[in-house]
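*Asks:* Give me the fold of what follows.
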Amino acid sequence: MAYDRYLAICRPLHYHSVMTKKRLSQLVFFSWLTPCCIFALNVVLTSRLQLCGSHIQRMLCVNWVIVKLACPKANTFPNSITAYCTMFLYVGHGLFVVWTYMHMIKTSVRSKDDRVKFMQTCVPHLTSMLTFVCTILFDLMHMRFGPENLPQHLKNFIAIDTPPPDNNHVGLDDGQP
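*Replies:* From the prediction side, this is the model:
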C-alpha cells in the first residue's frame, strides 16, 4: 500500500505505467509468500523439538512460546536464528515503509492539493502501521526478554491488539496444562 501511495502522490504521471497488473500480481504474491514461507519454516523447526512442558501462559499460543517449552537438551538454535531473521525482515520492511512515507511527506509539502491528498489517504495507514509495529516490537521484546510477572490483563490486551508477525497462532490458553 505504501508503494502504491508513493506512486500515486510522488509520481502520478508514471503511476499506470509502473503499477501494471503484472507488478500488482508480483506485490500480492510476495506479500503472501513471505509469511507463508516463514510460517512453514517455523512449523518444521518447532515440530522437531521435544517438549518438556505444556502450560502456555498467553491468550494466544505463538511459536516462541512453544519453543520455550522445549526440553533443556533440545537444540533451539535454528529456531532462534529463524526468529531473529523474521524480526529483521519485518523491522526492515517497516523501516522501508516509513522511509517511503518520509519521501512522500517531502513531496507533498510542495502544494496544498498534495498535502490534502496525503492527509486523506496516507495518515490513517501510517498511523495504523506505526501502532502495529510498536505493538509487535513490544510483544516480541517482552516474549524474549521481559519479566514473567507482567499482569495477565496487559498480556491479553497486547495479544488481542495485534498478533505477532510469525502467524503461528495455535489456540486460546485455557489455563490447563
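*Asks:* Report the buried residues of the biggest helix by length in the chain.
*Replies:* Among the segments of the chain that qualify as a helix by DSSP state H, the longest is helix 77-108. Across helix 77-108, burial judged by 16 or more other CB atoms under 10 Å covers 79, 82-83, 86-87, 90, 94, 97, 100-101, 104, 108. All C-beta atoms are positioned from the backbone trio N, CA, C, and that covers glycine.
*Asks:* phi, psi of Trp53?
*Replies:* Wrong residue type there; residue 53 is Gly, not Trp. Backbone geometry at Gly53, expressed as degrees, to the nearest 10, gives phi -150, psi 170.
*Asks:* so what's the nearest residue to it once chain neighbours are set aside up against?
*Replies:* Residue nearest to Gly53 in three dimensions, not counting chain neighbours: Leu69, with 4.3 Å by CB to CB, 6 or more residues apart in numbering. Contacts here follow CB atoms under 8 Å, 6 or more residues apart in numbering; on that basis Leu69 touches 51-56.
*Asks:* Tell me the spacing between Ile81 and Asn149.
*Replies:* Distance of Ile81 to Asn149, computed by CB to CB, to the nearest Å: 29 Å.
*Asks:* Apologies, that question was intended for Leu137.
*Replies:* Using CB to CB, one gets 21 Å for the distance from Leu137 to Asn149.
*Asks:* So the two - more neighbours on which side?
*Replies:* Leu137 (14 against 6; other CB atoms under 10 Å).
*Asks:* list the contacts for that one?
*Replies:* Listed by CB under 8 Å, 6+ apart, the contact partners of Leu137 are Val91.
*Asks:* With Leu41 instead?
*Replies:* When the contact criterion is CB under 8 Å, 6+ apart, the partners of Leu41 are Thr82.
*Asks:* got it, and Phe118?
*Replies:* Applying CB under 8 Å, 6+ apart as the definition, the contact partners of Phe118 turn out to be 9, 104-105, 108.
*Asks:* okay, and the helix or strand of this protein with the least pLDDT?
*Replies:* The helix or strand with the lowest mean pLDDT-type score in the chain, counting by mean pLDDT, DSSP states H and E, is helix 152-161 (a mean of 69).
*Asks:* where exactly do the helices run in the protein?
*Replies:* According to DSSP H, the helices that the chain contains are 2-10, 15-18, 21-47, 63-68, 77-108, 112-121, 123-145, 152-161.
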